[in-house]
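Chemist: got a predicted structure plus its sequence, pasted below:
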Amino acid sequence: MDKINKMDTQYELLNKKIHQDCRSLSATMEQLQAMDIAFDHFKLKFLTNDQTVGSISSRYEVDKKKWTEAISNLQEKVKLMKSDYCQLSLEAHECVDSIPELNKMVFAIQELVKQCEDLKVKYNEEMKERKKLFNELQESKGNIRVFCRCRPLNKDEISAGCTTVLDFGAAKDGILTTIMPKKQFRFDRVYTPKDDQVDVFADASSMVTSVLDGYNVCIFAYGPTGAGKTFTMEGTELNRGVNYRTLELLFDLRKKRSDTFSYDISVSVLEVYNEQIRDLLATSSTTKRLEIRQGSKGSHHVPGVVEAKLENVKEAWDVLQAGSKARAVGSNNVNKHSSRSHCILCIMVMAKNLLNGECTKSKLCLVDLAASERLPKTDVQGERLKETQNINLSLSALGTVISALAAKSRHIPYRNSKLTHLLEDSLGDDSKALMFLQISPSDKDLDETLSSLNFATRVRGVVLGSGKMQVDTSELQKTKAMLEELEGQIELKTSMQNQSEKQISQLSEKLKIKEETCRKQEEKMKELEKKLKSAGTELSYASSAVEGTRVAKKGHSRSGPGA
Ligand SMILES: Nc1ncnc2c1ncn2[C@@H]1O[C@H](COP(=O)(O)OP(=O)(O)OP(=O)(O)O)[C@@H](O)[C@H]1O
């Protein structure tokens, strides 16, 4: 029994132990399972970590490459910019260094300007003197000068077998010879039929110049019908005459003298027919486009006449055309009206000396006279007779005025005709006159030619016989040479001054540009340095992040999953 009890106890003990072992086994199993799961987790984590490390490291490589490239690019750029900067600052320094030079130049220019001012004052005085001498010289030649111009034979005359009765062999010396009767006539100029409008105006231009110097001038064309009066004064579109060339010269001189003078130029165009005055610009549409004034007592003896202010030579041509048109319209009803009327172009000039504020007013009258005629033929009656009488009246009144002026009479009979009344201002004591004597070369016009030549010789003789002052021309030559030299000096100084001013402005412009470029480059450099700095910071962040991941990976592989 004892044995059975013993075995029973043993059995119970064994059973207990088995139960205990079973429990510990299942706990171990659970532990093992948990470890297994943990290991799987760890294994999974490890694999994931490994992949992350791989991708980080490849991104790191790409980024590294990119940043290295960017850095080397930036370094290159910085290097270039630094060299640019050095170059620019060198140039800027050069510019700054040249400032004392510039100051010197400015000082020199100021000196030049002062000298120029002094010279201008001197020049002004000399100009006055020149005007005086010019006037005296003109006087010595006679205040009334006569130029003789002969037209060529026209087609009709050639086909009718007309011959030339004039010899121009001594024309250069101012001598014209008639062949039959053989007689010599002396004038201030004699033009051959070959001389053109340019040749003719070249001699008249000094008179025109003196208008801008404040003198009154009168230029008129005298001669029988068909001798070329209108051709000389008006000319044609292709062969422009004295009227147009005069205005052209005035505008040219106005431009040339614009530094020292301002000129206001206006014109009126009048016709005198049968002692009646007609304003040829009053109805013109051309004039409506221009600035118009009504002539006052000061500018005209016929108040209310249209005065068109001209700004340029194009306007001048338009106005001249308008005047010719209006004259031609008037001639439709009357037998060759234009040869029976006087046409007057009045040019009014107001000059202001910009240096001393002095103002002068002068007037230039250009007159295409009515055709001269000998005493009316007996068969001329009615309207034609009246015309001829009026023409003769005005031409003889003109002759009388010229004679009275030449004789320095106290009374000049301007009021004897409308023509002389209108010319009063421009045909005065201080004024200059030029007569173009127009003649025909044809034998059929010989009588009229001789009569015209005799008339013009009388006019010239009267004037030259008046004993005008003779000027010592050697003195005049000296003064002229001095003036020319002075003018040359002024021109040189002015051009030097202009050049220096131009240089200074160019240099300061360059300096400004350089300064601006330097400033921009500096800004750019600063910006790049900033970018470079932030790029460096980002790079160091990225490398430390990569480094951290690497360390973590290494640590993990050392502890391993089977540890
Ligand atoms: N120097 C010249 N060269 C060429 N042709 C000329 C010259 N002078 C005049 N003529 C021509 O001769 C003709 C007559 O000239 P113009 O009409 O000028 O004479 P005029 O003296 O004004 O005559 P009128 O007193 O009758 O009006 C015109 O056809 C003109 O073109």
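Modeler: Sure thing, it's come through. Please read these numbers as outputs of a predicted model, since none were measured by experiment. Residues are numbered from 1 along each chain as shown.

Chemist: strands along the stretch 51-200 of the chain, start to end?
Modeler: 144-150, 166-167, 175-178, 183-186, 189-191 (DSSP state E, counting those that start in this stretch).

Chemist: nearest to the ligand, of these?
Modeler: strand 144-150 (6.6 Å; CB to the nearest ligand atom). All C-beta atoms are positioned from the backbone trio N, CA, C, and that covers glycine.

Chemist: CA atoms only: put that closest one into PDB for me.
Modeler: Written as PDB, here are the backbone C-alpha positions of strand 144-150 (Å, rounded to 0.1, in the frame of the first residue of the first chain):
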ATOM      1  CA  ILE A 144      21.400 154.800-108.000                       C
ATOM      2  CA  ARG A 145      23.100 152.200-110.100                       C
ATOM      3  CA  VAL A 146      22.100 151.100-113.500                       C
ATOM      4  CA  PHE A 147      22.500 147.600-114.900                       C
ATOM      5  CA  CYS A 148      21.700 147.000-118.500                       C
ATOM      6  CA  ARG A 149      20.300 143.700-119.600                       C
ATOM      7  CA  CYS A 150      19.500 142.600-123.100                       C
END
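
Chemist: that one vs the ligand: in contact?
Modeler: No - figure legend: strand 144-150 not in contact with the ligand (CB under 6 Å from any ligand atom); closest approach 6.6 Å.

Chemist: before we move on, what about stretch 231-239?
Modeler: Yes - against the ligand, stretch 231-239 shows contacts by CB under 6 Å from any ligand atom at residue 231.

Chemist: near the ligand, which residues of this structure show up?
Modeler: 151-152, 154, 223, 225-231, 338-339, 371, 438.

Chemist: only whichever of these are buried, select them in PyMOL.
Modeler: The following PyMOL line selects those of those that are buried, judged by 16 or more other CB atoms under 10 Å:
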select buried, resi 151+223+225+226+227+228+229+230+231+338+339+371+438
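
Chemist: confidence score at residue 33?
Modeler: With respect to pLDDT, residue 33 has a value of 78.

Chemist: typo on my end, it should be residue 443
Modeler: 96.

Chemist: isn't it up against residue 162?
Modeler: Yes - if you go by CB atoms under 8 Å, residue 443 and residue 162 touch, sitting 5.7 Å apart.

Chemist: related to what we said a few turns ago, need the winner for burial among the strands of the stretch 51-200 of the chain.
Modeler: strand 144-150 (a mean of 24; mean count of other CB atoms under 10 Å).

Chemist: so what touches that strand?
Modeler: Strand 144-150 is contacted by residues 166, 168, 176, 185, 187-193, 195, 200, 203-204, 228, 232, 402, 405-406, 432-441, 453, 456, 459-460, 463 when judged by CB atoms under 8 Å, 6 or more residues apart in numbering.

Chemist: separate out the buried members of those.
Modeler: 166, 168, 176, 185, 187-192, 195, 200, 204, 228, 232, 402, 405-406, 432-441, 453, 456, 459-460, 463.

Chemist: for the residue nearest the centre of the chain, what are its contacts?
Modeler: The C-alpha lying nearest the average C-alpha coordinate of the chain belongs to residue 255 (CA atoms, centre = their mean; 10.2 Å). Applying CB under 8 Å, 6+ apart, we find residue 255 in contact with no residue.

Chemist: ranges for the strands of the protein?
Modeler: Taking DSSP state E as the test, the strands found in the chain are 144-150, 166-167, 175-178, 183-186, 189-191, 217-222, 261-273, 276-279, 291-294, 306-310, 342-353, 359-368, 432-439.

Chemist: tell me which residue in the stretch 351-500 of the chain sits closest to the ligand.
Modeler: residue 371 (3.6 Å).

Chemist: let me know whether that residue touches residue 341 as I believe.
Modeler: No - counting by CB under 8 Å, residue 371 stays clear of residue 341, with 9.7 Å between them.

Chemist: okay but residue 374 is in contact with residue 452, surely?
Modeler: No - between residue 374 and residue 452 there is no contact under CB under 8 Å: 10.0 Å.
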